[in-house]
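Enquirer: Pasting the sequence and the predicted model now:
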Amino acid sequence: MTSPPRPANRHHKRPRGEGQWALGYREPLNKNEENKKNDDGLNVRQRIIDVYSKQGFDSIDPADLRGRFRWFGLYTQRKPGIDGGKTAILEPEELDDRYFMLRVRIDGGQLSLAQLRTIADIANRYARGTADVTDRQNIQLHWIEVESVPAIWEALEAVGLSTMEACGDTPRVMLGCPLAGIDAEEVIDATPQIEDTVSRYIGDKAFSNLPRKFKSAMSGCPAHCTVHEINDIAFVGVADEHGEKGFDLWVGGGLSTNPMLGKRLGAFVRPEQVHEVWAGVIGIFRDYGYRRLRHRARIKFLVNDWGAERFREVLEKEYLGYPLPDGPAPEAPRGGRRDHVGVHRQKDGNFYVGFAPKVGRLDGDRLNLIADIAERYGSDRVRTTVEQKMVILDVAPDKVDGVVADLEAADLQVNPSTFRRQTMACTGIEYCKLAIVETKGLASDLIDELERRLPGFTDPLTINVNGCPNSCARIQVADIGLKGQLITDASGAQVEGFQIHLGGSLGVNPGFGRKVRGLKATAAELPDYVERVLKNFQSQKNDAESFSEWVQRAEEADLK
């Protein structure tokens, strides 16, 4: 006997829309989307020039101050003296200082000496000397007053630099290998593709209202230095079976609180197609991206839901109008570190010299000094890296010793310890309104202490320090990833500390760091903890075993 049909559930709700424009959900579903619909973020530039720079901080519309200013690289700084326990409690206007962080976008990490000196001059004149190299090849300045912004823009634009779309729900800086065009082993020089895409689309209102930020990388680097696995879109240099050079297309990588590795679409993109394929992918994000909830508004969630096959099908049929051929996967990354630190030969017989500012922290005077050293020994070309480092290009063989000596004298180390070379830190509570703990100073002190305690440690090891859960410093893919939080210490006091991720990696065996239950350390305990776990690694590792590989098999007791 068959059961009678079940009555329809009158209380069944239709699936809630995710704010996807392509499906008809055009009405804003949150305040951020409403602000963007009310006025495109690119329009704020003229108001800054005509109104805010003349009438001062108090004249700024809140929707511009905490929203559209980002379209031109401006964030309000954290007001000094507000501890991390208040980060998620206070209202934005209580956290805001009257000064700004300003991000200068440096696509491909490529700088001329005139550009570097201009940034140095701006740092000294308007930013109290501050200048940090970021892990996305930008340079960030602090203590900027809105009254100074038009003059800063005028100076930057006179040398071909910009802050346009350095932040905001936009296509941000495009990562490229700092050795593009000079590395003898590179698969392809992606500089023309970066320049073409930037010139076509940055500042184009077709892509200035995205669900959230969009991060791009284009590179033929054999070391895979642009960390393509964790970008929203990445073009990775490959050669097909006929020897034709082009790019393998990856989409949907990203970290923050829901980390995901990018997915290969298996498509071969010829150099001349890169700009339109990039526009197609970002168009999908604009039209199909999830706009209802900010924490799900990155392309990685759409790619994860659709899968690579469907994403490629929509790209080809709806946005390109032609199929892309299948192509090969990238070769495994060249052995060693990905940061281009040290002295290495270029394909033209000259040398490049990569050096390590401590956790990316510089200042205007040292930027000028770097420009002077590059002019004395190299050419007109310097570069920033995605590891908070810098590179001087085109050093003649007989000038290598001189450039190394001058850099080392300025504490810009060319042959740094593992700890100096591979520790990075985000901005932290010093300036960032999202941060819970201090990062730059702590990471710098940690480097000094580990160099003193473990002078013979030479294994590759990344230590990434982040002031909050958002992973600007890529904690999940670090050997030792430190996520800032408040911790109760032995005396019962609430102090700055870190949740610890261990054994993250990219490259041949990519994966996110292992979280051991209860594994945390206060800031004061960090040197003891890191020393202890590294000594365990040294005593237990097999021949050629990396720290990440050891972590995956280590007993929990040896990781605490």
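Expert: Yep, it's here.
Enquirer: shaky segments in this structure?
Expert: Across the chain, residues meeting the criterion (pLDDT under 70) sit at 1-16.
Enquirer: Try it again at 90.
Expert: Low-confidence segments of the chain, defined by pLDDT under 90, are located at 1-17, 92, 334-339, 507-509, 517, 543-544.
Enquirer: Give me the secondary structure label for the residue nearest to the spatial centre of it.
Expert: Centroid-nearest residue in the chain, with Cα atoms, centre = their mean: Arg136, separated by 3.9 Å. Reducing the assignment to helix, strand or coil with DSSP: H, G, I helix; E, B strand; the rest coil, the entry for Arg136 is coil.
Enquirer: For it, give me its contacts.
Expert: Listed by Cβ atoms under 8 Å, 6 or more residues apart in numbering, the contact partners of Arg136 are 172-173, 175, 215, 386. Any C-beta I mention is one placed from the backbone N, CA and C, and that applies to glycine too.
Enquirer: can we see that at 10 Å?
Expert: 103, 105-106, 109, 166, 172-175, 215, 217, 226-227, 231, 384-386, 388, 472 (Cβ atoms under 10 Å, 6 or more residues apart in numbering).
Enquirer: Compute the distance between it and Leu161, please.
Expert: The gap separating Arg136 from Leu161 is 15 Å, by Cβ to Cβ, to the nearest Å.
Enquirer: try Lys520
Expert: If you measure Lys520 against Leu161 using Cβ to Cβ, the figure is 41 Å.
Enquirer: same deal with Phe537?
Expert: When Cβ to Cβ is applied, the distance between Phe537 and Leu161 equals 43 Å.
Enquirer: correct me, but Gly504 touches Pro510?
Expert: Yes - contact between Gly504 and Pro510 holds when scored by Cβ atoms under 10 Å: they sit 8.6 Å apart.
Enquirer: Find the residues that touch each one of these two.
Expert: Applying Cβ under 10 Å, 6+ apart, one finds that Gly504 and Pro510 are jointly contacted by 477, 548.
Enquirer: out of those two, which sits in the busier spot?
Expert: For the pair Gly504 and Pro510, the greater number of neighbours falls to Gly504 (24 against 16), based on other Cβ atoms under 10 Å.
Enquirer: ok, the closest residue in space to the more buried one that isn't next to it in sequence - contacts?
Expert: Nearest-residue entry for Gly504: Gly513, 3.5 Å, with adjacent residues in sequence omitted and distances by Cβ to Cβ, 6 or more residues apart in numbering. Neighbouring residues of Gly513 by Cβ under 10 Å, 6+ apart: 259, 464, 475-481, 483, 500-505, 548, 551.
Enquirer: go on, Pro527?
Expert: The contact partners of Pro527, taken as Cβ under 10 Å, 6+ apart, are 445-446, 448-450, 452-453, 521.
Enquirer: Highest neighbour count among those residues?
Expert: Note: the member of the contacts of Pro527 with the most neighbours is Leu450, at 23 neighbours, neighbours being other Cβ under 10 Å.
Enquirer: mind listing the helices for the stretch 151-300 of the chain?
Expert: Using DSSP state H, counting those that start in this stretch, the helices found in the stretch 151-300 of the chain span residues 191-201, 274-288, 299-306.
Enquirer: Now do the second one and helix 299-306, the angle between them.
Expert: Read that as helix 274-288. For helix 274-288 and helix 299-306, the angle between their directions (axes from the mean of the first three to the mean of the last three Cα atoms, to 10 degrees) works out to 80 degrees.
Enquirer: Run the chain-centre distance for helix 274-288.
Expert: Relative to its parent chain, helix 274-288 has a centroid offset of 20 Å by Cα atoms, centre = their mean, to the nearest Å.
Enquirer: repeat for the last one
Expert: For helix 299-306, the gap between its own C-alpha mean and the chain's C-alpha mean amounts to 20 Å (Cα atoms, centre = their mean).
Enquirer: List of residues touching the following helix or strand past that helix?
Expert: Reading on from helix 299-306 to the C-terminus, the next helix or strand found by DSSP states H and E is helix 308-314. Contact with helix 308-314 is made by 22, 249-252, 262-267, 280-281, 283-284, 287-288, 299, 302-307, 320, 323-324, 326, as judged by Cβ under 10 Å, 6+ apart.
Enquirer: just stretch 445-454 next, same as before
Expert: Stretch 445-454 has contacts (Cβ under 10 Å, 6+ apart) with 356, 358-359, 416-423, 425, 457, 461, 463, 465, 482, 523, 526-528, 530-531, 534-535, 538.
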